[in-house]
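Chemist: all I have is the shape, not the residue letters:
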């Protein structure tokens, strides 16, 4: 057989045991909170039909979709020549693609199963997505997303619960300093109405979205290019620079955009949310410059950022009115939030937020010194496991030193040493690998100490 | 936007909340046992470089690999015409494929990380694999595999532990009647030596492998085609028809194949394993007709089948000597077993082996009747969640009947009713949805009952 240099595709990662323990710790805590709030887990296939994916993520997104070649003789009966139109050929020879996010599959799932779902439907989903993006630090071609969504309800209690869930998840993970930024797309429409630029709304949102990176001055040239005059720029500045608490911000803006019915609607929705969340110290801050990139949001939007080190967000989401319409299911308002697992992982790693206890691969190694004592060793290993203590038994007869070295390399905190002396008195020696201490113990005592 | 009929690719599945609860119940129990034995979780990328996958699964397997199109202008500068060689073009325009099993990625992972791994390496892995197979009942194009492997040890304690793990996993899942069939490839070589057909060994294994479906008589014609004379057929029949306990089987065969050194080695390995496993009632049965399809097995092989309904296996595996050699890492003997998650799921479903308790989507629904009581409702919901009771709060002000109906449809077993009467006396009404009983309770009492 030809020798192959083992490697993995660019932008993908192996997760070894130590990373997996930490990743699963995050997953476990997220799922625990979601379940407590009555969310239910679903999984959708990694592959979706191309027509389900295409056109949902904008032109740029479409380019990042991974296509899977049809199986069999994929080119059979396809007319090809040097003049062949690539895109057409591509869509002919590849009818399936890999999941790009969890939102479109959710919309597809809900539309397909509309008759079996009890609405409002509260689901969480924690699966990989794939994007043929240029890999760089913190950006991968395969990564996990973790979404919760409410589908089939306009209730603002969803927003309030989501804010609680964010707080609960992040406090379980021992994050201290974070902010939940809130805004409402309807408010942004109100501002656009005030500036008389409603027809360029999505363009306006894209510009606004840049402000947290470059400031208002940073988008001034772009505004001028778009025919913003000084008066408009100053009006926008005044709104975005206004400082005050959440209530004061809403009161201030309400006066400004009082001619926009939809803008006022947004103000009142946001007021209902912050009345409750402010009351409970939920870390919410209204930020009128929050716009969120995705075009499907229609009212509440939010984004969670760490106070320090605010590069990138920990979570983000919003409310949408028409997610399932393209699949033939109308009037399904919903709201969702996506937790940035990979970023949360990196911040936790940098700040040592993972508890030390989880890093033990296994609690105890039972030695396996020779044929005379192996049965006793096996018996002890079995007893430990029966008591739910994770136990590795050394697999071959070797010198004690080698077996202790193995435990040490693997960071196993305890070794149960069983030699002929121990067998004679029907006891075991427990060695604490951190302190180096050894004790001769009854089996009962061993189980008590390690349980 | 063009309306799209929502659908999923053939051979793939959505897993809704009810299935996910059951699937996760299986996953949880498997992982619990694996961890107890000191196995550690890894994950590898869904995509592997094509050269890693190609040629590892035989000609038939290669055809079932899913290829991913290179991103960008994948046909750029490729010379194509109607005479183009498809296979060559395919390998040009698609450098990556989806994982076909968990074994080749493990070999690739171990070879890449050989300097950071403490051998013997005990890993488990529970991830999807993809095969462009013809979908049929119980056969999917995307499905989960669940493997444990020991890499870097020839110790027969691995075999013994694996037999224990199988027993423990299946008893956790409440399987009663199953058999672990054991054999050893070296024994099969011994039989092939006896019949003087060593040069056609892999062909012989493939034939033997069919016996559990068609019986010895069923392969008689195939044997004759392969120049087996009557004497050889009778010798084979005698071996395979021999009945006795495990020890008697080994003693009987040892006499038959005593001229084959490798055959005797196999006998003695198997004897060491059954001496311990028989002692502990481990459900092991030696079956000399067990061959296992995969060519990389080199000694112990095993397969777990239900006693009744023996269509297909619950788990299977074996020992291999040269798994990582193709990636440049020699002398890494190992042994692995793969649990057939999808089959285990189906049998558990058919036999009602899932505990009823896990099927609750959520323990309690808190009503949300009107603006006067909503704060009290929210307070109770929070208290329940703080006590780790999964709680859904109804999201909009609706009539009680509608809210009870919702709980009923979702099979939520308890409803906490909070109206103005309850608010006045600072109590709640707990309705048991199964019995229909209602009680007026202090909040403390509520928490006690539901905890």
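Modeler: That came through fine. Everything quoted here is computed from the prediction, not taken from an experiment.

Chemist: going forward, measure contacts and count neighbours with C-alpha atoms only.
Modeler: Noted.

Chemist: next structured bit after the worst-scoring helix or strand of chain A on mean pLDDT?
Modeler: Averaged element by element with mean pLDDT, DSSP states H and E, chain A has its least confident helix or strand at helix A:86-93 (a mean of 77). Tracing the chain past helix A:86-93, the next element assigned as helix or strand by DSSP states H and E is strand A:96-98.

Chemist: neighbouring strands - and their directions - for that next one?
Modeler: Using DSSP bridges, strand A:96-98 pairs in its sheet with strand A:47-49 (antiparallel), strand A:67-68 (antiparallel).

Chemist: may I see the ones you listed organised as a markdown table, with mean pLDDT and mean neighbour count added?
Modeler: As requested, these are arranged in a markdown table below (pLDDT from 0 to 100; neighbours: other CA atoms under 10 Å in any protein chain shown):
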| stretch | mean pLDDT | mean neighbour count |
| --- | --- | --- |
| strand A:47-49 | 97 | 24 |
| strand A:67-68 | 94 | 26 |
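
Chemist: now whatever residue of the stretch 351-451 of chain A ends up closest to chain B. Nearest residue, chain neighbours left out?
Modeler: Closest to chain B within the stretch 351-451 of chain A is residue A:390: 3.8 Å, counting by CA to the nearest CA. Take residue A:390 and drop its neighbours on the chain: the residue closest to it by CA to CA, 6 or more residues apart in numbering or on different chains is residue B:36, 3.8 Å away.

Chemist: immediately after the strand or helix carrying residue A:124, which helix or strand?
Modeler: Element membership of residue A:124 [criterion: DSSP H and E] is strand A:121-130. In the C-terminal direction, the helix or strand that comes right after strand A:121-130 (DSSP H and E) is strand A:142-151.

Chemist: buried stuff in that next one?
Modeler: Of all the residues in strand A:142-151, those buried under the rule 16 or more other CA atoms under 10 Å in any protein chain shown are A:142-151.

Chemist: now swap in stretch A:256-266 and tell me
Modeler: Along stretch A:256-266, these residues count as buried under the neighbour rule (16+ other CA under 10 Å): A:256-257, A:260, A:262-266.

Chemist: same deal with stretch A:412-425?
Modeler: In terms of neighbour count (16+ other CA under 10 Å), stretch A:412-425 has its buried residues at A:412-419, A:422.

Chemist: contacts for stretch A:417-437 next, please.
Modeler: Taking contacts as CA atoms under 8 Å, 6 or more residues apart in numbering or on different chains, the residues outside stretch A:417-437 that touch it are A:366-369, A:372-373, A:376-377, A:408, A:412-416, A:438-443, A:446.

Chemist: got the end-to-end distance for that stretch?
Modeler: End-to-end span of stretch A:417-437 (CA to CA, to the nearest Å): 12 Å.

Chemist: ok, residue A:85 to residue A:91 distance?
Modeler: For residue A:85, the distance to residue A:91 under the criterion CA to CA works out to 10 Å.

Chemist: who's more crowded, these two?
Modeler: residue A:91 (15 against 11; other CA atoms under 10 Å in any protein chain shown).

Chemist: if we can go back for a sec, so which of the contacts of stretch A:417-437 are in strands?
Modeler: Cross-referencing the contacts of stretch A:417-437 with the strands (criterion: DSSP state E) gives A:366, A:414-416, A:438-441 as the overlap.

Chemist: what's the closest of those to residue B:9?
Modeler: residue A:366 (48.9 Å; CA to CA).

Chemist: what is the neighbour count of that closest one?
Modeler: Applying other CA under 10 Å, we find 25 other residues in the vicinity of residue A:366.

Chemist: show me the contacts for it.
Modeler: For residue A:366, the contacting residues are A:377, A:380-381, A:391-394, A:415-418, by CA under 8 Å, 6+ apart.

Chemist: is it true that residue A:389 touches residue A:448?
Modeler: No. With contact defined as CA atoms under 8 Å, residue A:389 does not reach residue A:448; the gap is 10.8 Å.

Chemist: okay, those two: which has more neighbours?
Modeler: Regarding residue A:389 and residue A:448, a neighbour count based on other CA under 10 Å identifies residue A:389 as having more, with 21 against 10.

Chemist: so what touches stretch A:330-341?
Modeler: Residues from elsewhere that reach stretch A:330-341 (CA under 8 Å, 6+ apart): A:26, A:144-154, A:158-159, A:162, A:313-325.

Chemist: gap between it and the chain center?
Modeler: Remark: stretch A:330-341 is offset 13 Å from the chain centroid, using CA atoms, centre = their mean, to the nearest Å.

Chemist: pull out the buried positions in that stretch.
Modeler: For stretch A:330-341, the neighbour count (16+ other CA under 10 Å) marks A:332-341 as buried.

Chemist: over to stretch A:46-62?
Modeler: By 16+ other CA under 10 Å, the buried positions in stretch A:46-62 come out as A:46-53, A:56-57, A:61-62.

Chemist: can you list which of those are found in helices?
Modeler: For the buried residues of stretch A:46-62, the ones inside helices are A:50-53, A:61-62, with DSSP state H as the criterion.
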